[in-house]
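J.: when you get a sec, could you give me coordinates for this:
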Amino acid sequence: MSEQRRGERLDQPRAPRGLHLPRIDADSFGRWAEGIARGMGTANFLVYMTLILAAWFLWNTLAPANLRFDPYTFTFLTLVLSLQASYAAPLILLAQNRQADRDRISLDEDRRRATMQKADTEYLAREIAALRIAMGDVATRDFLRSELTRLAEELDEAAERRRKLARRQQERVARRPAGGDPLDEPRDELDGDYVHDGRHEG
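T.: Predicted coordinates for the structure are as follows:
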């Protein structure tokens, strides 16, 4: 009794009892069932089935009585068609289940890829936004060109003002009488009066 209890250990699975049925490869059987289901859903199957039934009817109706194997009421034909229907329905269901499994796996894969693409798109959108923010602080070619154009225009305007001022001073010097300064214009440093006379305000 003690040896029997020692043999039945709780940490090990119990050996199965009863009949050992042969194991069938579900994948191979499923492919075979799908092949049959696909064949039954074709026009060839319907044509061949119609020809067989017509031959069956004609043989058991027009053949001599001693050669008819299924006389009228066609009991054997009814049994065969019932047997075919009883096997066709589970095979079709098995094929549909396998197709549903494939569709589910494909849907999961599509969902996973869509999630990855969404994450990649969001990452790229953040990177582009960061680049735009960074590019906002960087001087672009158009900005430099516009600034240089503005500076060139300011320099041209300053040079034009200097030319006008120099021309005005030359005209004043030419109009100035030899004895002294004109009465209608005060002497100042802006026009260069003291520079031309060589005198400074003391």
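J.: what packs against the helix ranked longest in the chain?
T.: The single longest helix within the chain, with elements called by DSSP state H, is helix 75-136. Applying 3 or more Cβ pairs under 8 Å, 6 or more residues apart in numbering; DSSP states H and E, one finds that helix 75-136 contacts helix 26-40. C-beta: built from backbone N, CA, C; applies to glycine.
J.: contacts for the helix it packs on?
T.: Residues from elsewhere that reach helix 26-40 (Cβ atoms under 8 Å, 6 or more residues apart in numbering): Phe45, Ala88, Leu91, Ile92, Leu94, Ala95, Gln96, Arg98, Gln99.
J.: now do the contacts for the last one.
T.: Shown here is Gln99, whose contacts under the criterion Cβ under 8 Å, 6+ apart are Glu34.
J.: numbering from 23 from now on, please.
T.: In the new count, where the first residue is 23, that last one comes out as Gln121.
J.: per-residue pLDDT, it?
T.: Listed pLDDT for Gln121 reads 89.
J.: how far off helix 48-62 does the longest helix of the chain point, in degrees?
T.: 110 degrees (axes from the mean of the first three to the mean of the last three Cα atoms, to 10 degrees).
J.: quick one: distance of helix 97-158 to the chain centre.
T.: 16 Å (Cα atoms, centre = their mean, to the nearest Å).
J.: next helix or strand past it?
T.: helix 163-197 (DSSP states H and E).
J.: pLDDT of that following helix, averaged?
T.: 88.
J.: wait, isn't Pro93 in contact with Leu84?
T.: No - look at Pro93 against Leu84 with Cβ atoms under 8 Å: they stay out of range, at 11.9 Å.
J.: between these two, which has more neighbouring residues?
T.: Pro93 (12 against 8; other Cβ atoms under 10 Å).
J.: can you count the residues close to Asn82?
T.: Asn82 has 18 nearby residues by other Cβ under 10 Å.
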